[in-house]
Structures are given as structure tokens and as C-alpha cells.
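Undergrad: Build the 3D model from these lines:
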Amino acid sequence: MWPIYSILLLIAMLVLRCVTSYYRIILGPTVLYLAHISNTEVRFVVSAYSIGSFATMIGSVVASFVNRKLKQKINGLFVQAMVSLVLLASVTAVPWIKQIWELILIFFAIGFNVGYMLVDSQCVVLRIWNPKNSRILIYILYTMSSLGGFLAPVVARPFLMMSHESNPSASNCSLQVNNALNVERNESEKFKNHHQVISNDDISS
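TA: Purely as a prediction, here's the structure:
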């Protein structure tokens, strides 16, 4: 039977894992509105999102190094608490972004902290509950990550609809996507027609 503090710690880590995944995935459904508030094009926001993904990899590598080389010198739970606060502050700052470089910095901070949390949480579980007892806990951690990713677009949808109703000009960002799709569709049709004309000329000759 686990002590009560171990159970509370496990619950806190599971909730944190779910929220961490939510923080990372919620940026996807809001790309159009991030482009609107940062006064930039959607493609630049997508590039910033890619930078955030790269930062996630860096955070994972740093967490692996810290847990391998510095685990005796650093309190893992204290580091997780600090990383969680930085992650919370980064996500909270998103609505006040006005420039694309600010968005890049925020995405990098979110990605780095998410990557660190994903690896560090597993290391903490392995240290506290030992490898044999922590197998099922690792599976549960990944399940909570999937749950956070599933909830992100579900939770974001009503808020995005409210934002569109209160600020109709935000629909301009969606026009960028529609225009890009229309241009691509027209170019594809031109390409098909051109090759069809060439094929007809070959047949007639």
C-alpha cells in the first residue's frame, strides 16, 4: 500500500502531464487567431510552431542530461515545479502578443518546457516507484498526454467561436488560408489543362 503522499504526488503528476500536453496542442487550433493578434501571416505562425517543436526536442535532451548527470545535486520535484510555473507564464502571455518575434519566443519557451516535463516526469516516476512498479504508471502518463491532446481542440472550439462573434475582423486570417488554397487549386487546374493540351497535340500528330 502506497503512503498517502505518494498517491497525492502521483495524482498531481498525472494532472500536470495532461495539462502539459494540453498547453502544447492548444496552439494548433488557434493558429489563425494567433496570426491575427500578432499581425502576421499564417505561414509565419506555422514556422514559429515548428520552432516550438524543435524546442521540445531540446527540452527533452536537457531533461535527459540533467537526470543522468545532476540527479544527485538537483531536486527533481522542485525543478518540475519551476518548469511548470514558466510554462504557465508562457501560455498566459499568448493573448498579449503583438509581434511575430514575441510569438516565436513564447513558442520556444512552451516547447522547451513541455519537452523537459515529458521526460523529467518519467524519470521522477522511475526514481520514486522503481522500474518494476512504475511500468503501469508510465502507461498512465502517456494516456494522460493523449487525453490532454484530445481535450485541447474540444475546449478551444467554443472560445474560438466567441472570439469570432465578438471580433468579426478576425475572419481575415481565415481568408489567408482560403486564398492560398484557391491559388493552389487554380495552379493545379492550369497544370492539368496544360498537360491535357500537350497530350491531345501528341495524339493528333
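Undergrad: From here on, just use CA atoms for contacts and neighbour counts.
TA: Fine.
Undergrad: Count the residues that sit near the nearest residue to Ile110 once chain neighbours are set aside.
TA: Closest residue to Ile110 apart from its sequence neighbours, by Cα to Cα, 6 or more residues apart in numbering: Leu87 at 5.7 Å. Neighbour count of Leu87, defined by other Cα atoms under 10 Å: 22.
Undergrad: I'd like the distance between Leu87 and Thr30.
TA: Distance, Leu87 to Thr30, by Cα to Cα, to the nearest Å: 18 Å.
Undergrad: same thing with Ser121?
TA: 27 Å.
Undergrad: so what secondary structure elements neighbour the helix or strand the residue nearest to Ile110 falls within?
TA: Per DSSP states H and E: Leu87 is located in helix 76-92. For helix 76-92, the packing partners by 3 or more Cα pairs under 8 Å, 6 or more residues apart in numbering; DSSP states H and E come out as helix 100-133.
Undergrad: can you give me the offset of the helix it packs on from its chain's centre?
TA: Centre-to-centre, helix 100-133 and its host chain are 12 Å apart (Cα atoms, centre = their mean, to the nearest Å).
Undergrad: got the buried residues for that helix?
TA: For helix 100-133, the neighbour count (16 or more other Cα atoms under 10 Å) marks 100, 102-104, 106-126 as buried.
Undergrad: For that helix, which helices and strands make contact with it?
TA: Using 3+ Cα pairs under 8 Å, 6+ apart: helix 100-133 touches helix 4-25, helix 42-69, helix 76-92, helix 135-166.
Undergrad: Could you dump the ones you listed into JSON lines with distance to Ala35 and mean pLDDT added?
TA: Formatted as JSON lines, the helices and strands packed on helix 100-133 follow (distance: least, Cα to Cα, whole Å; pLDDT from 0 to 100):
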{"stretch": "helix 4-25", "distance to Ala35": "16", "mean pLDDT": "81"}
{"stretch": "helix 42-69", "distance to Ala35": "5", "mean pLDDT": "87"}
{"stretch": "helix 76-92", "distance to Ala35": "16", "mean pLDDT": "82"}
{"stretch": "helix 135-166", "distance to Ala35": "13", "mean pLDDT": "77"}
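Undergrad: Could you export these as CSV, including distance to His36?
TA: Compiled in CSV, the helices and strands packed on helix 100-133 are given as follows (distance: least, Cα to Cα, whole Å):
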stretch, distance to His36
helix 4-25, 19
helix 42-69, 8
helix 76-92, 17
helix 135-166, 11
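Undergrad: re earlier: which positions within the helix holding Leu87 qualify as buried?
TA: Neighbour count says helix 76-92 has 76, 80, 83-84, 87-88, 90-91 buried, by 16+ other Cα under 10 Å.
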